[in-house]
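Chemist: Sequence plus predicted model, see below.
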Amino acid sequence: MDFQENYLSNVRFEFQRYKSMGDQTFAQILDTDIHWKYSGSDNSIAIIVKHMVGNMLSRWTNFLTEDGEKIWRERDLEFENPYSEKAEMLVAWEKGWQCLFDALDSINSSNFENKIKIRNEEHSIVEAINRQLAHYASHVGQIVFIGRMIKGLDWTSLSIPKGESKAFNKKMFGTGKA
């Protein structure tokens, strides 16, 4: 497998991993929880998702041919009037991720060296993808953290739960530590 194939396979895996973390968080929270905020000036899960979806649709629509900051995007409005229902939020969430994965599927050896613009700043494809991967990872981390605050002791860990590292390592490596 060459660098391009390996890179695209890896970033697809990482994007899917972060999407899955969001999905697993949404599965644990109630419909009304999407509007919970720690304080009045904070963003709720519904607002964070609205921002992510706006960013995804802007960045990944016509990824190879248009600037990633579309003229139709109203970024400031992404932080107002959150989705009213969890079902509506999840439809938008899926639409954003589908746009991203479709764009990744459009990258091949004939266009891998293309330059991509975001806010009229030129990026290699690797730079543009890495920029978005870091952005979405930070927001998914916020979503997970908010979900965990909401659920408290009822939270089901999305990774190795506290105090269970030795058991995990034993399962994975057959010993207490590898």
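Modeler: It's in.

Chemist: pretty sure Gly68 is touching Glu127, no?
Modeler: No - between Gly68 and Glu127 there is no contact under CB atoms under 8 Å: 11.4 Å. In short, each C-beta sits where N, CA and C put it, glycine included.

Chemist: So which of the two has more stuff around it?
Modeler: For Gly68 versus Glu127, the count of surrounding residues by other CB atoms under 10 Å is larger for Gly68: 22 against 14.

Chemist: Distance check, the closest residue to Ile129 other than its chain neighbours against Ala103.
Modeler: Closest residue to Ile129 apart from its sequence neighbours, by CB to CB, 6 or more residues apart in numbering: Val11 at 5.4 Å. Distance, Val11 to Ala103, using CB to CB, to the nearest Å: 11 Å.

Chemist: Return the helix or strand in the protein with minimum mean pLDDT.
Modeler: Ranked by mean pLDDT, DSSP states H and E, the weakest helix or strand in the chain is helix 165-173, scoring a mean of 86.

Chemist: Alpha carbons only: can I get that one in PDB?
Modeler: Below are the C-alpha coordinates for helix 165-173, written out as PDB (Å, rounded to 0.1, in the frame of the first residue of the first chain):
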ATOM      1  CA  SER A 165      -6.400  -0.900  32.500                       C
ATOM      2  CA  LYS A 166      -4.800  -4.000  34.000                       C
ATOM      3  CA  ALA A 167      -7.800  -6.200  33.000                       C
ATOM      4  CA  PHE A 168      -7.800  -4.600  29.600                       C
ATOM      5  CA  ASN A 169      -4.000  -5.300  29.100                       C
ATOM      6  CA  LYS A 170      -4.400  -8.800  30.400                       C
ATOM      7  CA  LYS A 171      -7.200  -9.400  27.800                       C
ATOM      8  CA  MET A 172      -5.100  -7.800  25.000                       C
ATOM      9  CA  PHE A 173      -1.700  -9.100  25.900                       C
END
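
Chemist: buried ones in stretch 77-95?
Modeler: By 16 or more other CB atoms under 10 Å, the buried positions in stretch 77-95 come out as Glu78, Pro82, Tyr83, Lys86, Met89, Leu90, Ala92, Trp93.
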